[in-house]
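Colleague: next come a sequence and a model predicted from it.
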Amino acid sequence: MPGPLDGIKVLELTQIVAGPMCGVMLSDLGADVVKIESPQGDAVRLVGQFMPHESKVFHVMNRGKRGIVLNLQSEAGRAVVRRLVRDFDVFVINARPGVAERLGVDYQSLSAENPQLVYLENSAFGPEGPSADRAGADIIAQAYSGLLAANEKLDEQGGPAASSATVPVDYGAAWTSAMSICAALFHRERTGRGQRIETSLLGAALTFQNTSVARVPVSDADLLQPSIDAVNEIRSRGGTYREMLDARNGTRTMLGAAYFLYYGGYQAADGAIMLGCVTSSNRQQVRNALGLTEADDPTDSEHFNPLDPDSAEMVEHARKNISARFLSDTTANWIAKLDAAGAPASQVNLPEDMFDDPQVQAIGAIAEIEHPLTGPEQLVGPVYRMSDSPPDASGPSPIFDGDTDDILREHGYAETEISALRELGAVGVEAGD
């Protein structure tokens, strides 16, 4: 059954994660995605490569695509893009502002060839403003946006530590890019007009912490402004990053200490458990499962005042009791009790456990793919369902320079033209590379 983007053709000039994963998401929806690579190949082909130009990272970030090798440093290579784009619906690039112009693949140049083109450019900081031309990456967007500080992790020297084992901002930018492309295609269906879309890592990072970034004066005056004033005072006297985090979190810690008793992790006898309670009824479900009384957890009392100086001692008393209960039994037994009580909780798994996890298998998250060089692969596929036009992980990542000639033929290039372009070094890689 064809996907909802069946018939849509996407040409992408992308690298690393945010751009490539946008292409994967469009491919899952049925689009024919063609990835442009330089004669040196995408840099992630070399990240842990197990054979020349092939790596697990590249396979994951580029499944479901075909590839074409073009030398955009040459006028002949740029001319190929201008000719190809006449037959494509979407062009995707993730790079610093100005790169597309230098390569001749900017919106003005390509929309002149195809006025109905949907053109997406993803950058670190966006196309305008004082930081637009700065280099960026997921961790840089985390730092700039406040996401790194909000996660409160410190290294051994008291400096900032990475806030995730993955690259959440890159993946967030991929989702926003794919969503906006689908919206632009719908708009084109109605109006016949293409358009330019601009997304950024910074924008994705801000979305992840919109409640912290937002300003609501009636709330902020008492809860936020004291922390801002305290942080500014520390900055003015040259205080440490650790001091700033402590000051920022002072008011929130007082108000949220009891809440975070039930929205956080604990060690069990054979692993760890995470609680995710966001309501008083959820917290009571956990207390019921653990067999806690008001004496064990005085924070449940209607008389508990988180702003009272004695509240910290009460919270610590409750934390010790909860910790002791969890340590007394296994994760499996506690999860059974918590599930029976209806409490939101989970054992803490390793990502390597997930492939064989029965729930992961039940939602169909793992796709079986046959790669022509490496054989069967099991990769994370579409993680959503559609009843009438289901998404599908349509195939493997492209072999380096494996599709170049076929794609050129599809778009009207004669064999003599292809040979001439290879001789010029405008397409493909040199023999022996």
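Modeller: That came through fine.

Colleague: the one residue sitting closest to the centre of the chain: which element?
Modeller: What sits nearest the mean C-alpha location of the chain, by Cα atoms, centre = their mean, is residue 171, with 1.6 Å. Using DSSP states H and E, the secondary-structure element containing residue 171 is helix 168-191.

Colleague: what separates whichever helix or strand comes after that helix from the chain centre, distance-wise?
Modeller: Moving toward the C-terminus from helix 168-191, the first helix or strand encountered (DSSP H and E) is strand 195-200. Its chain's C-alpha centre lies 17 Å from the corresponding centre of strand 195-200 when counted by Cα atoms, centre = their mean, to the nearest Å.

Colleague: for the next helix or strand after strand 195-200, packing partners?
Modeller: Secondary structure here is assigned by DSSP H and E; on that basis, the next helix or strand after strand 195-200 toward the C-terminus is helix 201-208. Applying 3 or more Cβ pairs under 8 Å, 6 or more residues apart in numbering; DSSP states H and E, one finds that helix 201-208 contacts helix 138-145, helix 168-191. All C-beta atoms are positioned from the backbone trio N, CA, C, and that covers glycine.

Colleague: follow-up on the earlier one: list the buried residues of the helix holding residue 171.
Modeller: 168-178, 180-182, 184-185, 188 (16 or more other Cβ atoms under 10 Å).

Colleague: where's the residue of the chain most remote from its centre relative to residue 262, distance?
Modeller: In the chain, the residue that sits farthest from the middle, by Cα atoms, centre = their mean, is residue 295; the gap is 43.5 Å. Note on residue 295: its distance to residue 262, by Cβ to Cβ, to the nearest Å, is 17 Å.

Colleague: same check on residue 248?
Modeller: 23 Å.

Colleague: have a look at the two and say which one is more surrounded.
Modeller: For residue 248 against residue 262, the residue with the higher neighbour count under other Cβ atoms under 10 Å is residue 262, and the figures read 25 against 21.

Colleague: read off the pLDDT value for the more buried one.
Modeller: Each residue has a pLDDT score; the one for residue 262 is 88.

Colleague: can you check residue 256 too?
Modeller: 59.

Colleague: repeat that for residue 57.
Modeller: Reading off the model, residue 57 has pLDDT 96.

Colleague: check residue 251 too.
Modeller: Checking the pLDDT column for residue 251, the value is 48.

Colleague: which helix or which strand is home to the residue farthest from the centre of the chain?
Modeller: Per DSSP H and E: nothing holds residue 295, as it lies in no helix or strand.

Colleague: go on, residue 15?
Modeller: Taking DSSP H and E as the definition, one finds residue 15 inside no helix or strand.

Colleague: burial count for the residue nearest to it when sequence neighbours are not counted?
Modeller: Excluding the flanking residues, the one nearest residue 15 by Cβ to Cβ, 6 or more residues apart in numbering is residue 42, at 5.7 Å. Each residue near residue 42 was counted by other Cβ under 10 Å, and the total is 25.

Colleague: next: the one 10 residues further on.
Modeller: A count of nearby residues for residue 52, using other Cβ under 10 Å, gives 11.

Colleague: quick one, phi/psi of it?
Modeller: Comment: the main-chain dihedrals of residue 52 come out as phi -50, psi 120, following degrees, to the nearest 10.

Colleague: next one, pLDDT for it please.
Modeller: 94.

Colleague: same thing with residue 306?
Modeller: In this model, residue 306 is scored at 55, pLDDT.
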